[in-house]
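*Asks:* can you look at this prediction? I've put the sequence above it.
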Amino acid sequence: MTIEEILNKLPKVKDDRNYWLVRADGGKYYDSFLRGGFIAIGYNKISLKDIQKGNTKDDTGVNILKFNIMDKYKDEEKRPGHTAKQLLRFAYEVKKNDIVLIPSENSEEIAFVEVTQTAAYNDLNDSYDCPYIKRKKIRYLKTVPRDTLDPNLYKLMFSHHTITTANIYDSYIDKIINSFFIKEDEAHMVLNVESEEDVKARSVFEMGGLILDVFDEFCKEEELDLDSNDFDVKLAIQSPGFIELAGNAISGILIVGIIFVCLAGGNFDLKISEEVNLNVQTDGIIERIRQFLKSNSKIQTKKKLLKKHMKSLKIKEPTELIDVLKELDKD
């Protein structure tokens, strides 16, 4: 099992991915969106062809669409110019691979979804109890209760536009969606702290120090040109919160992740063939880490301390990395 094989299986965030907040009429159609696998926008009297006529490089198209809205909705629509821009944004700016946040009624929970099709389509059958016919297909990712949402996203929730750009919140959203991912030539490992009690700073720092000490010892023994001082650490230790380890030494972050999973010993049991190639720089990275952890007399003490801190903080393991290791371990 090579480092490259593992990295190829882990989530990679594209540089051009955009992030949006899309409201389902105050949450009224929240369940419809998720059950049907779509997001949608109203103004059924305005067709996709009408919106297409408004898609020009200057404001000419916006004005054409604006007057079309005024003609079809009369005094019913108070802000036709704003509505025109929202319709254009839905049709042409929200694209495949973008991430969308959908608040439920009263924003009690927020669904995170991925757009799977750039082109909008018409659904004239009022399917899934939603009257909006202009739709885009999505893939459900996860749901987060508002009271556990990263506080940095609260301001975004105050926006009441149908569609709001959320690109300035990308780093916070990425950490919610994935626990291990690669973006802009950096690897990110996110350990979610799920304890609802006051977080003990000593537990956080001792746990981090334990993992990085083992990493540095392993790299020294294997003569790898990697150092934990090259990593950046971000903390949000409110309850709940997260610990993020990031850096452009992608292989290094991966090795830290594997060491953490091995020491934590939660949902991943190493079962590697004895015939595996043990050259750490190419093949057998898992086996080399396992052999190192087995042969180091101080590891068991550190493992007990790590589990103690994990239990105290209610640390959630990086599921993407564990799933990849399990998958490759079967091959």
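*Replies:* Received, thanks.

*Asks:* look up the closest residue to residue 240, ignoring the ones flanking it.
*Replies:* Nearest-residue entry for residue 240: residue 194, 5.0 Å, with adjacent residues in sequence omitted and distances by CB to CB, 6 or more residues apart in numbering. The way it works is simple: take the backbone N, C-alpha and C, and place the C-beta from them, glycine included.

*Asks:* mind checking how far the one you found is from residue 311?
*Replies:* 11 Å (CB to CB, to the nearest Å).

*Asks:* who's more crowded, these two?
*Replies:* Per other CB atoms under 10 Å, whichever of residue 194 and residue 311 has more neighbours is residue 194, with 14 against 11.

*Asks:* tell me the phi and psi of the more buried one?
*Replies:* phi -100, psi 0 (degrees, to the nearest 10).

*Asks:* pLDDT below threshold where in the stretch 101-250 of the chain?
*Replies:* 237-239 (pLDDT under 70).

*Asks:* what packs against the helix or strand encompassing residue 286?
*Replies:* Following DSSP states H and E, one finds residue 286 within helix 285-295. Counting contacts by 3 or more CB pairs under 8 Å, 6 or more residues apart in numbering; DSSP states H and E, helix 285-295 packs against helix 201-221, helix 250-264.

*Asks:* now the helices: where do they sit in the protein?
*Replies:* Assigned by DSSP state H, the helices in the chain fall at 3-9, 30-36, 48-53, 60-73, 80-88, 154-157, 170-177, 201-221, 250-264, 285-295, 299-313, 319-330.

*Asks:* go through those and pick out the most buried.
*Replies:* Most buried of these, by mean neighbour count (mean count of other CB atoms under 10 Å): helix 250-264, with a mean of 22.

*Asks:* out of the helices of the chain, flag the one nearest residue 98.
*Replies:* Using CB to CB as the measure, helix 170-177 is the one of the helices of the chain that comes nearest residue 98, at 10.8 Å.

*Asks:* quick one: the helix holding residue 286 to helix 299-313, angle?
*Replies:* 110 degrees (axes from the mean of the first three to the mean of the last three CA atoms, to 10 degrees).

*Asks:* quick one on the thing from earlier: the residue nearest to residue 240: what's it in contact with?
*Replies:* The neighbourhood of residue 194, defined by CB atoms under 8 Å, 6 or more residues apart in numbering, consists of 240, 313, 314, 315, 316.

*Asks:* and if we set it to 7 Å?
*Replies:* Residues counted as contacts of residue 194 (CB atoms under 7 Å, 6 or more residues apart in numbering) are 240, 314, 316.

*Asks:* dump the residues you listed to CSV, plus neighbour count.
*Replies:* Output for these, formatted as CSV (neighbours: other CB atoms under 10 Å):
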residue, neighbour count
240, 19
314, 15
316, 16
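
*Asks:* ok, so of the residues you listed, who is nearest residue 103?
*Replies:* Nearest member of the contacts of residue 194 to residue 103, counting by CB to CB, is residue 240, at 19.4 Å.

*Asks:* how far away is the closest one from residue 318?
*Replies:* Residue 240 is 16 Å from residue 318, by CB to CB.

*Asks:* same thing with residue 7?
*Replies:* Applying CB to CB to residue 7 and residue 318 gives a distance of 14 Å.

*Asks:* buried ones in the biggest strand by length in the chain, by neighbour count?
*Replies:* In the chain, with assignment by DSSP state E, the single longest strand is strand 134-145. Buried residues in strand 134-145, defined by neighbour count with 16 or more other CB atoms under 10 Å: 134, 135, 136, 137, 138, 144.

*Asks:* just give me the closest of those residues to residue 189.
*Replies:* Using CB to CB, residue 144 is the member of the buried residues of strand 134-145 that sits closest to residue 189, with 19.4 Å.

*Asks:* where's that closest one relative to residue 51, distance?
*Replies:* 31 Å.

*Asks:* ok, now residue 188?
*Replies:* Look at residue 188 and residue 51: by CB to CB, they are 37 Å apart.

*Asks:* same question, residue 187
*Replies:* Counting by CB to CB - residue 187 and residue 51 are separated by 40 Å.

*Asks:* what's the answer for residue 311, then?
*Replies:* For residue 311 relative to residue 51 (CB to CB), the value is 54 Å.

*Asks:* likewise residue 152?
*Replies:* 33 Å.

*Asks:* sorry, back to before: would you reformat the helices and strands packed on helix 285-295 as TSV and include distance to residue 55?
*Replies:* TSV is the format used below for the helices and strands packed on helix 285-295 (distance: least, CB to CB, whole Å):
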stretch	distance to residue 55
helix 201-221	50
helix 250-264	39
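
*Asks:* so which of those comes closest to residue 116?
*Replies:* Short answer: helix 250-264, nearest of those by CB to CB, at 27.1 Å.
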